[in-house]
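Asker: build me a model from this:
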Amino acid sequence: MRIRLFVLCSVLMVLSVTSCRTVTSIETPVSLTEITREKIEKNILEGNPFDAFQDLDLLKRNGTEIPLYELQKLRQDATQTLRTLFEDSIKSKDYGRALSAYRSATSLSLANEYEGWSQSRILAEAAKTLLEEGEYIPAYLTFDKAMALGDVDEEDALIFYKSAVEKSYAPLAEHILKKNLLSEPPVAEVESGIKPEQILKGAVTILVNRGIRMDRGIGYPDSVIGSGFFVDSRGYILTNYHIIESEVNPKYEGFSRLYIRPHNSETAKIPAKVVGWDPVLDVALLKAEIETEYVYPIDPGVLYTPGDIIYAIGSPGGLRNTVTSGIVSATGRRFLQMGTTLQVDVPVNPGNSGGPLVNTKGNLVGVIFAGIEQFEGINFAIPAKWIVHIMPELFAGGAVTHSWLGLTVVETVRGLEVSYVVPGEAAGRGGIEAGDIITSLYGTEVASVEDVHEIIIDLAPDTLVGISWRRAGKEFNGILSVGKRPEFPIDLSRERDTLTNLVAPLFGMTIEQTGNYFWETSYTIKRVYPGGIADETGLSVNDPLNILEFEIDEENRIGYLQIVVKKKKAGFIERAIQLGTYLEVDNFI
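Answerer: Okay, the predicted model is just below:
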């Protein structure tokens, strides 16, 4: 069931209301390019072995007239191109690209040819380079990820332990000790534990001045107030994307100025800039010319269960230095397009958005971002476990890039069922169809949307991943080259697909055309997915229907489908129904 959330930043403005735009035509699906020897050769020559391998895999599964010896030669050429890409990336210290190439080789069972290398070693080398450049927070998080994937050298572990002690970064030091990576007892330890007088020094108020908004000849201040917190002593601050969106969204054309207010001032306004941002996870990294006395430590291994005591720090209504306490109410809530959220009962209000949520050790548990307007004590936070994955990219600057397969899935009794495939994306080009049951991805069994997101979030676009699925009782295995996820996947589908197909990801049912009489087209419901809008409305398989109108409210990002249906559960009495859903569909992978 979808619940209307409100973001917890204070917005001082007058909302304008516009009418919904009726969609009168939708482009037909993009036809798949025929796979030819020339196309594969072209990808290899252009240094793109990823699409070449995906096409070769599809030809192997579906059969081709290309002679076997030519296919083997193409695979050899693609393999060499991938190896060259990896070696060149290592030489240039482009470890992100090197990791993508190595992970692709792993999916192709070629990793044993990359002697002396592993995912862990690549990440450790990346971490050391970041540390040399003074980017110690991204370095710490990257090295932590290296330790999680395998053993690291004791020499490297000692380097990072000493640095973590020097910077008083307890999570990394504790993880190194827990893994027994040091043969000699450490000479120093890092104290951990919540210090109320310290954590307030790391919190700030975020101020976005958007000038004056005119409404019927009267001007009103248009500003946003939120919260943020330091994650690096050099003045780097984490907050929500929706607070600072006007600073980086190219669609925003008005005035926008960003400031922060430190904990020890009622009036100071220090200019700040946006360094990196992620609209999908609703987080952003800011930089202000200010040093801080306290940095909130981000622990990649932080655990939280319902009932755990937590604290929220922020500026509700602009009232800085506000600390409230509560518990974790639930985990695994799906309100964002990617990942899951924490439900908490900590008292928060408009202005708390972007503020930290910490545990009794003082480690970051999450970032407050929203609540249910009509219910007190039901609020939500973005868990730290998702944020740590993108922190290095936030520090690198610009918009965070996510990968995807290009389909939607639904958790059913049959398993993780594909409900829709985006034309022209990796899954569609790789032969995945609606109705398939995804069983594993990148060598890991998957049974939920969260399972897939936890794998995808670490994969860069153009990485090859092995995928297994079941169709009509038969098992299939394939290779897909993951693509770049658009900010709003459904908008890409609207550009490429028909209304009939869009009903599945938006409203949770598949329909089939049964007739076309003058200006009316009739349909029959072929599949109703559990938990979707159609299921909640009581629609059933074989219910006949006609579509009256499909509307999109672009401002509020809501889609409406007006239908006339004869529900068999209601004795086939004809009824007019309007279905509504948010366009930020949360089951795209």
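
Asker: residue 310 reaches residue 356, doesn't it?
Answerer: No. Using CB atoms under 8 Å, residue 310 makes no contact with residue 356, being 10.0 Å away. (Glycine included, C-beta is placed from N, CA and C.)

Asker: those two: who's more crowded?
Answerer: Legend: neighbour count by other CB atoms under 10 Å for residue 310 and residue 356, higher for residue 356 (30 against 23).

Asker: would you say residue 77 is within a strand?
Answerer: No. Assessed with DSSP: H, G, I helix; E, B strand; the rest coil, residue 77 is helix; it does not lie in a strand.

Asker: now it, nearest residue through space, not along the chain?
Answerer: Distance criterion CB to CB, 6 or more residues apart in numbering; nearest residue to residue 77, sequence neighbours excluded, is residue 44 at 5.1 Å.

Asker: model confidence for the one you found, exactly?
Answerer: pLDDT, residue 44: 95.

Asker: what's the answer for residue 450, then?
Answerer: On pLDDT, residue 450 comes in at 94.

Asker: what's around it, how many residues?
Answerer: Residue 450 has 15 nearby residues by other CB under 10 Å.

Asker: next one: residue 572
Answerer: As a burial measure, residue 572 scores 12 neighbours (other CB under 10 Å).

Asker: next: residue 238.
Answerer: Counted with other CB under 10 Å, residue 238 comes out at 24.

Asker: OK, contacts around the closest residue to residue 247 other than its chain neighbours?
Answerer: Setting aside the residues directly before and after it, residue 247 is nearest to residue 274 in space (CB to CB, 6+ apart), at 4.9 Å. Contacts for residue 274 (CB atoms under 8 Å, 6 or more residues apart in numbering) come out as 244, 247, 248, 258, 284, 285, 286.

Asker: any idea how far residue 78 is from the closest residue to residue 305 other than its chain neighbours?
Answerer: Among residues not flanking residue 305 along the chain, residue 328 sits closest, at 6.7 Å (CB to CB, 6+ apart). Per CB to CB, to the nearest Å, residue 328 is found 47 Å from residue 78.

Asker: wait, is residue 200 part of a strand?
Answerer: No. Counting by three-state DSSP, residue 200 falls outside a strand, being helix.

Asker: so it makes contact with residue 321?
Answerer: Yes. Between residue 200 and residue 321 a contact is recorded at 5.1 Å, counting by CB under 8 Å.

Asker: after the lengthiest strand in the chain, which helix or strand is next?
Answerer: Using DSSP state E to define each element, the chain has its longest strand at strand 218-232. Downstream of strand 218-232, the next assigned helix or strand under DSSP states H and E is strand 236-239.

Asker: could you report the pLDDT at residue 263?
Answerer: 88.

Asker: would you mind listing the residues in contact with it?
Answerer: 200, 201, 202, 203, 204, 320, 321.

Asker: one more time with 7 Å
Answerer: Residues in contact with residue 263, defined by CB atoms under 7 Å, 6 or more residues apart in numbering, are 200, 201, 203, 204, 320, 321.

Asker: number of residues surrounding the first one?
Answerer: To tie it back to what came earlier, the one meant is residue 200. Residues lying near residue 200 (other CB under 10 Å) number 16.

Asker: kindly report the same for the last one.
Answerer: The criterion is other CB under 10 Å. On that basis, residue 321 has 13 neighbouring residues.

Asker: now do the same contact list for residue 387.
Answerer: Neighbours of residue 387 in contact, by CB under 7 Å, 6+ apart: 281, 283, 367.

Asker: can you tell me which of these has the most neighbours?
Answerer: Using other CB under 10 Å as the neighbour test, the contacts of residue 387 are led by residue 367, with 29 neighbours.

Asker: my read: that residue touches residue 283, true?
Answerer: Yes. Applying CB atoms under 7 Å as the test, residue 367 and residue 283 come out as touching, 6.3 Å apart.

Asker: give me the common contacts of those two.
Answerer: Common contacts of residue 367 and residue 283 (CB under 7 Å, 6+ apart): 238, 240, 382, 387.
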